[in-house]
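Here is a sequence with its predicted model. Questions after.
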Amino acid sequence: MIYAPGAMILSSPSRNAPDLLSEVLTVLGARSIRRTRLEAAGDWALAFPAQARLKFVAVLRGGCWILLPGQPPRALAAGDVFLVGDTAYTVASDPEVTAADGMATYSTPDQDTVRLGGDETVMLGGGIAFAGEEAGFLLDALPRFMHAARGAPSASAVTRTLDLLDAEAGQPGLGSALVTMRLADILLVEAIRAYVADHGEASSGWIGALADRRIGQALRLMHSDIAFPWTVEALAARIGMSRSAFASLFTRRVGRPPLDYLTHWRMALARRLLDRQGADAAGVAARVGYASQSAFGHAFKRTFGHSPRRGERMARAMLPTTPD
């Protein structure tokens, strides 16, 4: 389940391993976006541009192909779910069909269902977007494409959720909009779980790194005590690796060196804290591990292109001038 965009989870030391996916989605201001339905028959194809969001598409009936840049076409069947990050993609009845502009097809805000000649194939789409400029933190660290096949051993929860979502969409009742939104959120997370369960350490990016015993432990150490003065040496020692081997493996699995990842995560946390009404830069600096406000300011500006004071002033400007 995706938490409300305004919610904040700040990690603190705990004997329980932090739920990093929930934490990252919450801190990055994840929010559900428009859910769409496609019913199609015959020859059809729709192309969609890259966007800074995490999108899922579930095949409810029939089958189709998905085409991604630089990759061979992939066939999808009923019950399959795929997720795409910040990449262009095309869905089609056949890879050879010339694609129409998918964005134009859904250009009307209230046009959530598109019908193309019949309903041999039925697909449901949805996903999550992120607040401000922070989407890149997660999207850059995830595979551009994740496929959860209905027949996979780990896909039972995906199948159950998809069946519930299909039934709710087919027979809407009281509160259907809310139920559909929550089920779509759950489906997206279950699809990520299924992908990780099937691919494990072979998964690319941050998701695969979490499945790696040693790098996953290092990530949990950083997230569980974000203000600790971590060094590469300290992290390597905690997980039983040499400094050089750890730094090399972490960079290869996560896509960033350890302390670069730590800095970016601290800045993402700091930005969300500064967006909260009444937060001040000095207090936020201390909470994310900076004893020096000047060092915090430099790191924040390198990450976002402006000082934390600007963000603080913007947050204060939204404060009510009279009591509620």
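Thanks, I have the structure now.

all contacts plus neighbour counts: C-alpha atoms, from now on.
Noted.

Isn't residue 127 up against residue 186?
No - using C-alpha atoms under 8 Å, residue 127 makes no contact with residue 186, being 10.3 Å away.

residues near the residue nearest to residue 129 when sequence neighbours are not counted, how many?
Leaving aside its sequence neighbours, residue 129 sits nearest to residue 53 (C-alpha to C-alpha, 6 or more residues apart in numbering; 4.6 Å). Neighbours of residue 53 under the rule other C-alpha atoms under 10 Å: 21.

Could you report the distance from residue 53 to residue 148?
The gap separating residue 53 from residue 148 is 18 Å, by C-alpha to C-alpha, to the nearest Å.

Repeat that for residue 84.
Relative to residue 148, and taking C-alpha to C-alpha, residue 84 is found at 12 Å.

quick revisit: the residue nearest to residue 129 against residue 83, yeah?
No - with contacts counted by C-alpha under 8 Å, residue 53 stays clear of residue 83, the gap being 10.3 Å.

what helices or strands is the helix ranked longest in the chain leaning on?
When the chain is parsed with DSSP state H, its longest helix is helix 176-199. Judged by 3 or more C-alpha pairs under 8 Å, 6 or more residues apart in numbering; DSSP states H and E, the packing partners of helix 176-199 are strand 31-40, strand 81-84, strand 121-129, strand 145-148, helix 156-170, helix 205-211.

Residue 61 is nearest to which of these?
Nearest to residue 61, of all those, is strand 121-129, at 4.9 Å by C-alpha to C-alpha.

Residue 60: what secondary structure?
strand (DSSP: H, G, I helix; E, B strand; the rest coil).

Begin at 34, not 1, for the rest of this chat.
From this message on, residue numbering opens at 34, which makes the last subject residue 93.

can you tell me which residues contact it?
For residue 93, the contacting residues are 111, 112, 113, 154, 155, 156, 157, 195, 199, by C-alpha atoms under 8 Å, 6 or more residues apart in numbering.
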